[in-house]
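Participant: predicted model, plus sequence, below.
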Amino acid sequence: MLLGAVCTRDCGFCAVQGGVPAPASPDEPVRVAQAARELRLDYVVVTSVTRDDLPDGGAAYFAATIRALRTACGEGNTKVEVLTPDFGGAAAAIDAVVAARPDVYNHNVETVPRLYPHVRPLADYRRSLDLLARVEAVDPSIVTKSGLMVGLGEEAEEVAAVMRDLRSVGCRALTIGQYLQPSRAHLPVTRFVPPEEFAAWREEGLALGFQAVASAPFVRSSYLAREVFERREAVRDRRPGADG
Ligand code: SF4
């Protein structure tokens with residue numbers, strides 16, 4: 001996770017500390033890449049806290065880290081997935097990350113739009129969809145991915161609507177998992193969703209055209225990220241003429 005442990009937002013579900021972050025470390029991208037090389041990682045997920053205090057939201061750090069990973073681990077040897085904040089919707093910030101060519105660009109919508117004021121008060125559902133649409137438009141060779149938690153008060157039809165919205169902007173991989181309350185100060189779990197419902201959402205997602213859907217109680221946005229990526233590759237290869 002880049003750019004420190006303190007976030008400028010304060011989402012009701014998230015255990016990351018909110019507040020005023022420390023200045024970023026310019027050598028962080030290179031240190032992350034060195035660690036990945038020493039650990040001989042073949043799949044790296046790079047994420048960050050939200051840094052609304054930085055002019056570009058930290059996009060340059062994502063881009064520099066992707067490039068440092070390519071240099072340290074060898075072009076093509078290590079797959080890189082980024083899980084970015086929304087950068088306040090700034091096109092230049094999104095484009096800077098896309099230009100560094102991650103293999104997967106993940107940005108989570110997290111929940112259904114009705115619950116945003118409650119769950120993600122400083123985020124905007126449409127802005128998150130637009131981010132994914134922009135990645136698809138600028139570089140369709142990058143796999144777009146998103147995810148949401150359930151058990152926060154959403155209705156099943158609202159989850160289905162989110163899936164349709166994500167497909168409408170071209171999003172190709174999806175994760176759905178059970179929300180768990182990190183502490184008593186965080187939003188309560190409204191419902192523990194049975195595994196059959198997760199399985200049904202997976203089928204629904206695949207029917208909508210997602211190339212990979214991980215949907216189960218313990219799924220998180222980076223859960224089996226490499227397997228989700230490879231499953232998506234297998235689906236794409238079985239569909240002659242499909243995108244990607
Ligand atoms: S923006 Fe991300 S890191 Fe920050 S509080 Fe929300 S979910 Fe947590």
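Facilitator: Looks like it came in fine.
Participant: for the rest of this, base every contact and every neighbour count on C-alpha atoms.
Facilitator: OK.
Participant: pretty sure S146 is in a strand, no?
Facilitator: Yes. The assignment for S146 (DSSP: H, G, I helix; E, B strand; the rest coil) places it in a strand.
Participant: and the pLDDT for it?
Facilitator: Confidence at S146, expressed as pLDDT, is 98.
Participant: that one against T111, yeah?
Facilitator: No. Applying CA atoms under 8 Å as the test, S146 and T111 come out as separate, 10.7 Å apart.
Participant: tell me the residues of the protein that contact the ligand?
Facilitator: Neighbours of the ligand within the chain, by CA under 6 Å from any ligand atom: 7, 9-11, 14, 16, 49-50.
Participant: just the buried residues from the residues you listed, in ChimeraX please.
Facilitator: Typed into ChimeraX, the line below selects the buried ones among the residues of the chain next to the ligand, using 16 or more other CA atoms under 10 Å:
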select :7,9,10,11,14,49,50
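Participant: flag the least confident of the residues of the chain next to the ligand.
Facilitator: Within the residues of the chain next to the ligand, pLDDT is lowest for D10, at 90.
Participant: identify the bridge partners of the nearest residue to that residue once chain neighbours are set aside.
Facilitator: Residue nearest to D10 in three dimensions, not counting chain neighbours: G18, with 5.4 Å by CA to CA, 6 or more residues apart in numbering. Assessed by DSSP bridges, G18 has beta-bridge partners C7.
Participant: count of residues packed around G18?
Facilitator: 16 (other CA atoms under 10 Å).
Participant: save the residues of the chain next to the ligand as JSON lines, and put in secondary structure too.
Facilitator: Converted to JSON lines, the residues of the chain next to the ligand look like this (three-state DSSP):
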{"residue": "C7", "secondary structure": "strand"}
{"residue": "R9", "secondary structure": "coil"}
{"residue": "D10", "secondary structure": "coil"}
{"residue": "C11", "secondary structure": "coil"}
{"residue": "C14", "secondary structure": "coil"}
{"residue": "V16", "secondary structure": "coil"}
{"residue": "V49", "secondary structure": "coil"}
{"residue": "T50", "secondary structure": "coil"}
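Participant: how close does the residue nearest to R101 when sequence neighbours are not counted get to G76?
Facilitator: Closest residue in space to R101, ignoring its immediate chain neighbours: I142 at 7.0 Å, by CA to CA, 6+ apart. Applying CA to CA, to the nearest Å, the value for I142 to G76 is 14 Å.
Participant: okay, the two: which has more neighbours?
Facilitator: Neighbour totals were compared for I142 and G76, and I142 leads with 20 against 10 (other CA under 10 Å).
Participant: got a pLDDT number for Y223?
Facilitator: 81.
Participant: so what's it up against?
Facilitator: Contact partners of Y223, counting by CA atoms under 8 Å, 6 or more residues apart in numbering, are absent.
Participant: wait, the residue nearest to D10 sits on G12?
Facilitator: No. Using CA under 8 Å as the test, G18 is too far from G12 to be in contact (10.6 Å).
Participant: how about the strands of this structure, start to end?
Facilitator: 6-7, 17-18, 43-47, 79-83, 104-106, 143-150, 173-178, 212-215 (DSSP state E).
Participant: each with direction, which strands does the last one pair with?
Facilitator: Spelled out, it's strand 212-215. Strand 212-215 has these strand partners (DSSP bridges): strand 173-178 (parallel).
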